[in-house]
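Enquirer: following is a predicted model, sequence given first.
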Amino acid sequence: MEQKLYFPDKDIDFNRAFESFLKEIDDHLNHVLQKLGWVLTVPPRFTRGHGSVVIHLTTRDGDFIFRVPRYSQKQLRKIHLAYRLFGEQSCMPKKYYHDGKCVIEEYVEGPPASSQMTLSQCEELGRRLKQLHVREGFGFGPLVYDHTGKNETAEKHYAKRMTDQFRYLQDKKILAAEEICRLESFFTAGLEKLSNRPVVVCHGDLSPGNIILGAQIKFIDWDNIAVYPREFDFIFLHELDFSEAQKKHLCDSYGQEIDLALVFWRTIFRIVTNIRDVKQKRIDSLRGSVSLIDGFF
């Protein structure tokens, strides 16, 4: 029987391991459904999220998301931390169940954030971000305790990763030496600015797909919750072509000044750290970004 390719860009062994993982998930899903006494009215719908396996469940009582982290238990611990901190706020989906392997949350109906958002939706998004960023953070990076990041400073969080990444860009000849030099200067200047910037508990990955425009705007996929400057939760601004009016309604509703240079810095960092799959689209995106970095700091 031909092996199903869940990841066409990966080899057969990787896909076989993932198929085995899905069997474990299916067994645990059946166990949880029996434990809760839930009866599905339609077969479960599987999707492969960025960091989780996501299964859409429909019961007589409504629709739910059964979420299992793909990489490690650390992801699940971060989701539990997020619910402990923000579970009572309207920016998170309601949680119905969790154990050591999964979490079940409400299914949020609606499209992801886009450049077609209305001005009132931009205002609501600003209010949701303001609601989210109320908790002062300590340290920097992935959340390990209620308000504390994994690293003491931004420099400790980024220094080795960026050194390794610049070496990779050079070894693989992805960028010219002059472009790498400009990138290094850009990141050094950004780190200096980060050292004096207040930090808060952030979602950590607010790309447009994690902002759902439902009856109320909600943020999903919380396994990257972290301590960062508030600007890091505004990366969607560089993925969406917002008009000046949309940006104004968003920022006025948020109520605090946003340093767009740090938003751009975070965006470039994500592009650089995701370049290892060496897809031409990513390389073109990186080269285009390098051409824009002069004069940001």
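Expert: Nice, thanks for sending it over.
Enquirer: under the pLDDT cut-off, which ranges of the protein? List them.
Expert: Per-residue confidence for the chain (pLDDT under 70) gives these ranges: 1-10, 48-49, 276-282.
Enquirer: domain ranges for it?
Expert: The chain resolves into domains spanning 12-106, 119-290 when parsed by automatic domain parsing.
Enquirer: I figured Ile211 hits Gly110, correct?
Expert: No. Under the criterion of CB atoms under 8 Å, Ile211 makes no contact with Gly110, lying 9.6 Å away. Heads up, the C-betas are built off the backbone N, CA and C, glycines and all.
Enquirer: and those two? Which one has more around it.
Expert: Ile211 (26 against 13; other CB atoms under 10 Å).
Enquirer: near the closest residue to the more buried one other than its chain neighbours, how many other residues are there?
Expert: Here the nearest residue to Ile211 in space, its sequence neighbours aside, is Ala113; by CB to CB, 6 or more residues apart in numbering that works out to 3.9 Å. If you count neighbours by other CB under 10 Å, Ala113 ends up with 24.
Enquirer: for the spatially most central residue of the chain, give me its contacts.
Expert: What sits nearest the mean C-alpha location of the chain, by CA atoms, centre = their mean, is Asp205, with 2.3 Å. Applying CB atoms under 8 Å, 6 or more residues apart in numbering, we find Asp205 in contact with 50, 221, 224.
Enquirer: which of these lies closest to Arg197?
Expert: Relative to Arg197, the closest of those is Asn224; by CB to CB it sits at 18.9 Å.
Enquirer: quick check: which element contains the closest one?
Expert: For Asn224, there is no enclosing helix or strand under DSSP states H and E.
Enquirer: tell me how far Phe242 lies from Cys251.
Expert: Separation of Phe242 from Cys251 (CB to CB, to the nearest Å): 10 Å.
Enquirer: sorry, that was for Asp171
Expert: Taken as CB to CB, the span from Asp171 to Cys251 is 41 Å.
Enquirer: try Asp294
Expert: From Asp294 to Cys251 the distance is 25 Å (CB to CB).
Enquirer: compare neighbour counts for those two and give me the winner.
Expert: Neighbours were tallied for Asp294 and for Cys251 using other CB under 10 Å; the higher tally belongs to Cys251 (18 against 10).
Enquirer: so who does the more buried one touch?
Expert: For Cys251, the contacting residues are 126, 258, by CB under 8 Å, 6+ apart.
Enquirer: what distance do you get for it to Leu260?
Expert: Taking CB to CB as the measure, Cys251 falls 10 Å from Leu260.
Enquirer: my read: Lys247 touches Leu237, true?
Expert: Yes. Counting by CB under 8 Å, Lys247 does reach Leu237; the two are 7.2 Å apart.
Enquirer: tell me which of the two has more neighbours.
Expert: Per other CB under 10 Å, whichever of Lys247 and Leu237 has more neighbours is Leu237, with 20 against 17.
Enquirer: give me the distance from the helix or strand encompassing Lys130 to the chain's centre.
Expert: Lys130 belongs to helix 119-132 when assigned by DSSP H and E. The chain centre lies 18 Å from the centre of helix 119-132; the measure is CA atoms, centre = their mean, to the nearest Å.
Enquirer: from the contact counts, what lies against that helix?
Expert: strand 217-219, helix 244-254 (3 or more CB pairs under 8 Å, 6 or more residues apart in numbering; DSSP states H and E).
Enquirer: just the ones you listed: most buried one?
Expert: Sort the helices and strands packed on helix 119-132 by mean neighbour count, taking mean count of other CB atoms under 10 Å, and strand 217-219 sits at the top with a mean of 22.
Enquirer: same for the helix or strand just after it, what does it pack against?
Expert: Counting by DSSP H and E, the next helix or strand C-terminal to strand 217-219 is strand 226-228. The criterion is 3+ CB pairs under 8 Å, 6+ apart, and the helices and strands that strand 226-228 contacts are strand 140-143, strand 149-151, strand 200-202.
Enquirer: nearest to Glu88, out of the helices and strands packed on helix 119-132?
Expert: Glu88 sits nearest to strand 217-219 of all the helices and strands packed on helix 119-132, at 13.4 Å, using CB to CB.
Enquirer: nearest spatial neighbour of Leu241, skipping sequence neighbours?
Expert: Just so we're on the same page, residue 241 is Asp rather than Leu. Using CB to CB, 6+ apart and skipping the chain neighbours, the partner closest in space to Asp241 is Ser115 (4.5 Å).
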